[in-house]
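**Student:** Okay, predicted coordinates and the sequence, questions at the end:
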Amino acid sequence: MIKTILIIEDDTFIGEMYVHSLQQAGYTVDLISSGTEGLQAAISKKYDLILLDIILPDKKGTEILQELRGSEKGDLAPDSRIIVLTNYEQDDDSKLAMQNKADGYLIKADITPRRLIEIIASLD
């Protein structure tokens, strides 16, 4: 059952909107705007779900996903589900590669906070 969520999102408005909505729905949520700090949080604390933006200022979400799911060290967040949440349109090969490592791939422009909550609830 999903209870704790880490959001790695550099857009303050979007991040706080998701935090507010998810907390209202009963989830415990941490928001981190830096890719490097987000990666450290994902490794050091157990989260049930990580919502991962792709375009971050210091470390791309694709790099974070690779480190969490495909590093030489193994799966660094084995108990966490990861949903890529982005507005960055990718070519089909890149999207497929990301989907193979993540548990979901959503386009932010298409997802309302209510719909995001429904998607998260369906993961339980």
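**Tutor:** Received, thanks.

**Student:** what about the residue most central in space within the chain, is that helix, strand or coil?
**Tutor:** Centroid-nearest residue in the chain: Leu51, 1.7 Å away (criterion: C-alpha atoms, centre = their mean). When classified by DSSP: H, G, I helix; E, B strand; the rest coil, Leu51 comes out as strand.

**Student:** how many neighbours does Tyr27 have?
**Tutor:** Using other C-beta atoms under 10 Å, the number of residues around Tyr27 comes to 19. From N, CA and C alone the C-beta is placed, and that goes for glycine too.

**Student:** Numbering from 300 from now on, please.
**Tutor:** Noted, 300 is the first residue going forward, which turns the last one into Tyr326.

**Student:** isn't it right next to Ile306, touching?
**Tutor:** No. The criterion here is C-beta atoms under 8 Å, and Tyr326 misses it with Ile306 at 10.2 Å.

**Student:** beta partners for the nearest residue in space to Asp402 that is not next to it in sequence?
**Tutor:** Excluding its sequence neighbours, the residue lying closest to Asp402 (C-beta to C-beta, 6 or more residues apart in numbering) is Arg380, at 4.3 Å. For Arg380, the beta-bridge partners are Leu348 (DSSP bridges).

**Student:** In the protein, what helix or strand scores lowest on average pLDDT?
**Tutor:** Within the chain, no helix or strand scores below helix 391-400, which has a mean of 61 by mean pLDDT, DSSP states H and E.

**Student:** Skip ahead from it and say which helix or strand is next.
**Tutor:** Sequence-wise, the next helix or strand downstream of helix 391-400 (DSSP states H and E) is strand 403-406.

**Student:** Show me the shaky parts of the chain.
**Tutor:** The chain contains residues with pLDDT under 70 at 370-375, 387-399.

**Student:** change it to 90
**Tutor:** 300, 353-354, 356, 359-362, 364-378, 383-410, 422-423 (pLDDT under 90).
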